[in-house]
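**Q** Sequence unavailable; structure follows:
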């Protein structure tokens, strides 16, 4: 029996006569438009579909786009027309966010170690600062005393629980992120005497989760914690950002997150939250879930070689452009991203090959022992689920290879 292509598991793009399409554009046309391979291509329609899916399940929750997933200005500008706010993690991201259609009062800035200059820029712009430490609050107050604008702040809380089964745990136990929950009441009491505009809480537990039961438990605990902490707040809570964590499937055996179960639980919890925090805007911030499925990394086959019974396909792209797909960005045991031969999408697999990049390191692998159609030099390789943490999380300067491009279609 012919083995089905692994890329069929999670590939959301269409194809015509075996040629991949990006938002209705044939890939060979996109290659001509970009003028080179490798490149990243992002599909607006898939982004819009992901946002619509969220809205259908969570109509009473505000949606923020976490820019760290993909800070390409064209992507951010497009996403800003679909979401209610932006979450940023650096001064560079703040510059892009402020140039979008989102107003400054719907932008929040998280991350440890913000510089004094970044804090000052955020205060002046009216961006909400998610406080990560007591010292950061001191810095904010010091800057405020020298300026004319009242800082807008929320406390990023490090809860005493974590998001179970998440790809990256951002809370629970000792963490560099946020202020430990048990220290927050004292800080809130102190805030009553400070020249700041307290907005609320940011409680982010983890990311890349495909287990609805884990998200349900985290949401229950997050709301319980927020309601308890609100008793000490210097003013009514107007912002409650409960993080995100919605994952997308990357590997064989993974399925899309069951949003209905998560939403059903959320709808049970919200009435009590809104009753106790009537002025609070409840926010979910998502990055990977919104843009991950919309991206494909495209590179070209430059050589094919045999080595002691194993076939290697050499491509002109690799880990320097897409560290995550190489397995060197968060994977404990390396697994293949969904990969396809983009100009042979209708062809059945006929061989087992490994696709590697042009770098002088054995870590430069895009597909290891993967069943794919017959491959020739000049064929196009597509790595799917590449819209998040691809371009921006990769070491582009490694071995001084040519720079990859990006395009939004």
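**A** Good, I have the coordinates. On a predicted model such as this, the values are computed, not experimentally measured, just so you know.
**Q** could you pull out the helices for the stretch 101-250 of the chain?
**A** 116-125, 134-146, 184-191, 212-230 (DSSP state H, counting those that start in this stretch).
**Q** Now do the buried residues in the shortest one.
**A** Pointing back at helix 184-191 there. For helix 184-191, burial by neighbour count (16 or more other CB atoms under 10 Å) applies to 184, 187, 188, 191. (C-beta placed from N, C-alpha, C; glycine too.)
**Q** now do the second one
**A** Buried positions in helix 134-146, judged by neighbour count with 16+ other CB under 10 Å: 136, 137, 139, 140, 141, 143, 144.
**Q** same question, the last one
**A** Of the residues in helix 212-230, those buried under the neighbour-count criterion (16+ other CB under 10 Å) are 212, 214-219, 221-223, 225-226, 229-230.
**Q** Distance to residue 127 and pLDDT added to these, as a markdown table?
**A** Listed next are those as a markdown table, based on distance: CB to CB, whole Å; pLDDT from 0 to 100:
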| residue | distance to residue 127 | pLDDT |
| --- | --- | --- |
| 212 | 33 | 93 |
| 214 | 31 | 91 |
| 215 | 28 | 94 |
| 216 | 31 | 94 |
| 217 | 31 | 92 |
| 218 | 26 | 91 |
| 219 | 26 | 95 |
| 221 | 28 | 93 |
| 222 | 23 | 95 |
| 223 | 25 | 96 |
| 225 | 24 | 95 |
| 226 | 21 | 96 |
| 229 | 22 | 97 |
| 230 | 22 | 97 |
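**Q** Which one of these is nearest to residue 406?
**A** Closest approach between the buried residues of helix 212-230 and residue 406, by CB to CB: residue 215, at 30.5 Å.
**Q** Would you agree the closest one is in contact with residue 247?
**A** No - Residue 215 is beyond contact range of residue 247, at 9.2 Å (criterion: CB atoms under 8 Å).
**Q** Identify the residues contacting residue 262.
**A** 57, 212, 215, 216, 219, 246 (CB atoms under 8 Å, 6 or more residues apart in numbering).
**Q** Enumerate every residue touching the first one.
**A** It refers to residue 57. 259, 260, 262, 263.
**Q** picking up where we left off before, dump the helices of the stretch 101-250 of the chain into CSV; add distance to residue 270 as well.
**A** Rendered in CSV, the data for those read as follows (distance: least, CB to CB, whole Å):
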stretch, distance to residue 270
helix 116-125, 29
helix 134-146, 30
helix 184-191, 23
helix 212-230, 9
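**Q** buried residues in the strand ranked longest in the chain?
**A** Assignment by DSSP state E gives strand 295-307 as the longest strand of the chain. Across strand 295-307, burial judged by 16+ other CB under 10 Å covers 295, 296, 297, 298, 299, 300, 301.
**Q** Output those as CSV; include the columns distance to residue 18.
**A** Converted to CSV, the buried residues of strand 295-307 look like this (distance: CB to CB, whole Å):
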residue, distance to residue 18
295, 21
296, 15
297, 19
298, 15
299, 18
300, 16
301, 16
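**Q** Would you map out the domains in the chain?
**A** 6-42+293-408, 71-286 (automatic domain parsing).
**Q** Among the ones you listed, single out whichever gets nearest to residue 64.
**A** domain 71-286 (4.1 Å).
**Q** okay, how far is it across the closest one, tip to tip?
**A** 13 Å (CA to CA, to the nearest Å).
**Q** Let me see the contact set for residue 318.
**A** Here residue 318 is in contact with 299, 326, 356, 357, 358, 359, 364, 365, 366 (CB under 8 Å, 6+ apart).
**Q** Which of these fall in strands?
**A** Counting by DSSP E, these contribute 299, 356, 365, 366 to strands.
**Q** before we move on, back to that, could you dump the domains of the chain to JSON lines with distance to residue 62?
**A** Shown next, in JSON lines, are these (distance: least, CB to CB, whole Å):
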{"stretch": "domain 6-42+293-408", "distance to residue 62": "20"}
{"stretch": "domain 71-286", "distance to residue 62": "4"}
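**Q** And what about the residue nearest to residue 92 when sequence neighbours are not counted, helix, strand or coil?
**A** Leaving out its chain neighbours, the residue that sits closest to residue 92 by CB to CB, 6 or more residues apart in numbering is residue 71, at 7.5 Å. At residue 71, secondary structure determined by DSSP: H, G, I helix; E, B strand; the rest coil is coil.
**Q** now swap in the one 10 residues further on and tell me
**A** For residue 81, the assignment made with three-state DSSP gives coil.
**Q** for the nearest residue to it once chain neighbours are set aside, what are its contacts?
**A** In space, residue 81 comes closest to residue 101 once its chain neighbours are excluded; the distance is 6.0 Å by CB to CB, 6+ apart. Counting by CB under 8 Å, 6+ apart, residue 101 makes contact with 77, 80, 81.
**Q** now the residues you listed: which count as buried?
**A** Judged by 16+ other CB under 10 Å, buried ones among those: 77, 80.
**Q** Now distance to residue 153 too, for the contacts of residue 101, in TSV please.
**A** TSV is the format used below for the contacts of residue 101 (distance: CB to CB, whole Å):
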residue	distance to residue 153
77	27
80	23
81	28
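**Q** I appreciate the help and will end here.
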